[in-house]
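Asker: after the sequence you'll find the predicted model.
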Amino acid sequence: MIPGPRTEDHLPHTALAAVKIVIVGGFGVGKTTMVGSVSEIRPLTTEETMTQAGIGVDDNYGSDSKTATTVAMDFGRISITDQLVLYLFGTPGQERFWFLWNGLFEGALGAVVLIDTRRLEVSFDVMGRLEERGVPFVVAVNSFPDAPRYPIDELRTALDLSPEIPIIECDARRRASSRDVLMTLMRFLHSLAMSGALT
Amino acid sequence: MTPPQRKRRLPRPELVQPPLPSVPPAPENGGEDGDNKNPERLYVISGADGARAELDLVTLIVARADPPPSVTPEQAVLLRLCLAPLSVAELSAYLNLPFSAMTALITELITAELVQARAPIVRQALPDRSLLEAVMHGLQRL
């Protein structure tokens, strides 16, 4: 049992609405670290139990899958104004189940795909799933000291990303760096909104 | 060393979220950079009938009344937790209940008019630029 919210963990009564951003990537690339570095609350974990009906949507799953699967998600919070709150969801492990969690990506402003250049390929599937769902995303390279460093152009080619999708380097442990990643996503979403307004 | 190569995927219409009706643009009130302009716009997406509203992870829940004697102990704990607004996700974490169990519990309380749900702002066909700008201003202050 985790302790309840401290006084400062409550939102002001003026809080009217929230928005969310999802941070995705392969196992161990630092998603939870990023959530924790910018969150104003101690990161929390919520869970969902996937029933067989939900799991059946996934075409990789066999018919012997009677067991329910629990999917956990870490999240943090940033108060934007007295009225508006931003929630960040980081999705640990089990990536193919994230997309069965109804409402996780639906309605999210966008996503950050966090990658580790030592294991670039672990993020391929999640990027494809975001593309299939039309969820806008930016790519953040979590710079581990011993990771190979590729020029951004080479990464863009390897990840098969169109030129407008931002790719930035970050250190997910650092608040300012994680904040910059979120700002990059917001600027990208803003540019999408602007170009949409022109058509 | 050459990195592994990915191949981009195309949007699949059956998976893309159907566009929501855009929020009507607010009248321009020129000049100010206000974070708090047009607060009423935040209400636009919430339905009048809260009980039918689908609860999102980031729907904010706030108690409307003290726990009456009729509620279950679990509901009483929830009502005390959301004396000030908390998201469904936070309530789920603090009560250690899965999200779907949490939404069932909250729906009962909405029906009993013991809590109010404040619906999230979701991505729209055409994102609201002033919303995105408000988020950017907030992040800059971090």
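Answerer: Sure thing, it's come through. Residues are numbered from 1 along each chain as shown, chains lettered A, B, ... in the order given.
Asker: so what's B:Ala53 scoring on pLDDT?
Answerer: Here, the pLDDT recorded for B:Ala53 equals 50.
Asker: now do A:Thr49
Answerer: 82.
Asker: ok, now B:Ile45?
Answerer: 32.
Asker: the one 5 residues further on now?
Answerer: The model reports B:Gly50 with a pLDDT of 38.
Asker: check A:Val181 too.
Answerer: With respect to pLDDT, A:Val181 scores 98.
Asker: one more: A:Phe97?
Answerer: 72.
Asker: just give the nearest non-adjacent residue to it, would you?
Answerer: A:Val71 (4.6 Å; CB to CB, 6 or more residues apart in numbering or on different chains). The C-beta positions use only the backbone N, C-alpha and C, and glycine is treated the same way.
Asker: helices or strands up against the helix or strand containing the one you found?
Answerer: In the assignment (DSSP states H and E), A:Val71 maps to strand A:69-79. Under the contact criterion of 3 or more CB pairs under 8 Å, 6 or more residues apart in numbering or on different chains; DSSP states H and E, strand A:69-79 touches helix A:31-38, strand A:44-50, strand A:84-90, helix A:95-98, helix B:88-95, helix B:129-140.
Asker: again, only using 7 Å
Answerer: helix A:31-38, strand A:44-50, strand A:84-90 (3 or more CB pairs under 7 Å, 6 or more residues apart in numbering or on different chains; DSSP states H and E).
Asker: tell me which of those sits nearest to chain B.
Answerer: strand A:44-50 (3.7 Å; CB to the nearest CB).
Asker: so what strands line up beside that closest one?
Answerer: The strands beside strand A:44-50 in its sheet (DSSP bridges) come out as strand A:69-79 (antiparallel).
Asker: tell me which residues of the strand it pairs with are tucked away?
Answerer: A:Thr69, A:Val71, A:Met73, A:Asp74, A:Phe75, A:Gly76, A:Arg77, A:Ile78, A:Ser79 (16 or more other CB atoms under 10 Å in any protein chain shown).
Asker: centre of the chain to it, how far?
Answerer: Centroid displacement of strand A:69-79 relative to its chain, using CA atoms, centre = their mean, to the nearest Å, is 10 Å.
Asker: now the angle from that strand to helix B:88-95?
Answerer: Angle of strand A:69-79 versus helix B:88-95, following axes from the mean of the first three to the mean of the last three CA atoms, to 10 degrees, is 110 degrees.
Asker: residues contacting the residue nearest the centre of chain A?
Answerer: The residue lying closest to the centre of chain A (CA atoms, centre = their mean) is A:Ile23, at 1.2 Å. Neighbouring residues of A:Ile23 by CB atoms under 7 Å, 6 or more residues apart in numbering or on different chains: A:Lys31, A:Met34, A:Val35, A:Leu88, A:Phe89, A:Gly90, A:Val112, A:Leu114.
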